[in-house]
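K.L.:
The following block contains a protein sequence and its predicted model.
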Amino acid sequence: MTRNQLLIIGIFLFACSVKPEPIQYGKDGCFTCKMTIMDKRFGGEVVSTKGKVFKFDDANCMIGFLNSGYLEEANIAHRLVIDFNTPEKLVMAENAFYIKSDQLKTPMASQVAAFEEKSKSDSFKKEFNGIYLTWGEVVTQFK
């Protein structure tokens, strides 16, 4: 291959990378409910294998999208949620720790907060009298 061909391939691969993008609070809208995403402690993204990013303001909007069949499972590259303790930080949904509490006021009333670290979810659970949920349990909460 020539140097120019390698350069073109490199540009193509870089342009086609499949990765999340930061949520622009106050600007981005939730793909499901169309409301402007405002609360930096909540939200999520689904990134397709083609690199399309779908943004959500709350867990139940994201789960509704995942359950809708809009994207087949094979076409999903990433499922991400915002870490409640580190506003705006996206973490892999399957690896996060979840707390549900009726004392938690979320954008679309899911009452679910995600945490990257279990120790952070432990203190939140105690403070807000919540219950632990796994990713699978979160998904079934909003079917």
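P.N.:
Yes, it's here.

K.L.:
hey, where'd the strands end up in this protein?
P.N.:
Here the chain has its strands, by DSSP state E, at 44-48, 53-56, 76-82, 90-92, 97-100, 112-115, 131-133.

K.L.:
Break down the chain into its helices, ranges please.
P.N.:
Counting by DSSP state H, the segments of the chain that form helices are 3-15, 59-68, 118-128, 135-141.

K.L.:
before we move on, back to that, out of the strands of the chain, which one sits most buried?
P.N.:
Between the strands of the chain, strand 112-115 has the highest mean count of neighbours, a mean of 26, where neighbours are mean count of other Cβ atoms under 10 Å. Where you see a C-beta, it was placed from the backbone N, CA and C, and this is true even at glycine.

K.L.:
just to revisit the earlier point, adding distance to Ser17 and mean pLDDT, write the strands of the chain out as a markdown table.
P.N.:
Formatted as a markdown table, those follow (distance: least, Cβ to Cβ, whole Å; pLDDT from 0 to 100):
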| stretch | distance to Ser17 | mean pLDDT |
| --- | --- | --- |
| strand 44-48 | 10 | 98 |
| strand 53-56 | 12 | 98 |
| strand 76-82 | 10 | 98 |
| strand 90-92 | 16 | 97 |
| strand 97-100 | 28 | 97 |
| strand 112-115 | 24 | 97 |
| strand 131-133 | 32 | 97 |
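
K.L.:
Quick one: closest of these to Thr36.
P.N.:
Relative to Thr36, the nearest member of those by Cβ to Cβ is strand 53-56, separated by 10.6 Å.

K.L.:
who does the closest one touch, helix- and strand-wise?
P.N.:
The contact analysis (3 or more Cβ pairs under 8 Å, 6 or more residues apart in numbering; DSSP states H and E) places strand 53-56 against strand 44-48, helix 59-68.

K.L.:
go again using 6 Å as the cut-off
P.N.:
Where contact means 3 or more Cβ pairs under 6 Å, 6 or more residues apart in numbering; DSSP states H and E, strand 53-56 is packed against strand 44-48.
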